[in-house]
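>>> here are the coordinates; sequence isn't available:
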Ligand code: GDP
Ligand code: MG
């Protein structure tokens, strides 16, 4: 089938290094997981086609590729985003504390006018590591509530709620288009 008339939704994954952005994308797009850490070099893009309200859309998932360590990402990365996930690792309090930095970066760089309506969600990843948790579900929910954004708890390793997260935001993005 031709791709030509299928709208593309640009989905960004932002968050500290090692929180599992690449793994979430791989889990969602390829249904795979690897525990070997490989810092992404260059841009990592994944595409997934899905049906929302009986229409096809292509999710184009942009995974940040190690630029986290070099400070701000270029505007090319943010420009034209339709949805954005801020990802943290529930076993790393620091990655949770940095959410507000990612939040600011995103909204200042992407040039989004209506912040309230923009489909942005927070993912607390690695919930399979329950014993190593440093951020409780309740605390993360409270943070998200104060910013009026949805919160998803996922595991890229076992796959829990990964589809739910991507598909909920995509639905929201389609609804406002
Ligand atoms: P990125 O730097 O944010 O892209 O993080 P990666 O996706 O490369 O993951 C960093 C490390 O965390 C890798 O060793 C992954 O295997 C591991 N990892 C990612 N997601 C999960 C998860 O849900 N559970 C567990 N246990 N490990 C994970
Ligand atoms: Mg990565």
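Nice, I can see it. Quick caveat: nothing in here was measured; it's all calculated off a predicted structure. Ligands and ions are numbered 1, 2, ... in the order given.
>>> quick one: end-to-end distance for stretch 107-114.
End-to-end distance for stretch 107-114: 10 Å, by Cα to Cα, to the nearest Å.
>>> ok, residue 111 - contacts?
By Cβ atoms under 8 Å, 6 or more residues apart in numbering, the contact set of residue 111 is 78, 79. Using the backbone N, CA and C atoms, a C-beta is placed for each residue, glycine as well.
>>> how close does it sit to ligand 1?
Going from residue 111 to ligand 1 by Cβ to the nearest ligand atom, to the nearest Å gives 24 Å.
>>> likewise for residue 122?
Here residue 122 is placed at a distance of 14 Å from ligand 1 (Cβ to the nearest ligand atom).
>>> looks to me like that residue is in a strand.
Yes: counting by DSSP: H, G, I helix; E, B strand; the rest coil, residue 122 falls inside a strand.
>>> test my guess that it contacts residue 99.
Yes: the criterion here is Cβ atoms under 8 Å, and residue 122 meets it with residue 99 at 6.6 Å.
>>> which neighbours do the two have in common?
Counting by Cβ under 8 Å, 6+ apart, the contacts common to residue 122 and residue 99 are 86, 88, 143.
>>> and the strand or helix carrying the first one, what's its mean pLDDT?
With elements delineated by DSSP states H and E, residue 86 resides in strand 83-89, which encompasses its position. Per-residue confidence for strand 83-89 averages out to 97 on the pLDDT scale.
>>> which stretches in this structure count as helices?
Counting by DSSP state H, the chain has helices at residues 21-30, 75-78, 93-97, 99-110, 137-146, 162-175.
>>> list the contacts of stretch 112-119.
If you take Cβ under 8 Å, 6+ apart as the criterion, stretch 112-119 is touched by 81, 82, 83, 84, 106, 107, 148, 169, 170, 172, 173, 176.
>>> ok, and the most crowded of these?
By neighbour count, taken as other Cβ atoms under 10 Å, the most surrounded of the contacts of stretch 112-119 turns out to be residue 84 (26 neighbours).
>>> next, the contact list for that one, please.
Contacts of residue 84 (Cβ under 8 Å, 6+ apart): 11, 12, 14, 106, 110, 118, 119, 120, 121.
>>> up against ligand 1, what does this structure have?
Taking Cβ under 6 Å from any ligand atom, the part of the chain that reaches ligand 1 is made up of 17-23, 34-35, 37, 40, 125-126, 128-129, 155-157.
>>> take the residues you listed and keep only those in strands.
Counting by DSSP state E, the residues of the chain next to ligand 1 place residue 125 in strands.
>>> now the buried members of the residues of the chain next to ligand 1.
Burial by neighbour count, 16 or more other Cβ atoms under 10 Å: within the residues of the chain next to ligand 1 this picks out 19, 20, 21, 22, 23, 40, 125, 126, 128, 155, 156, 157.
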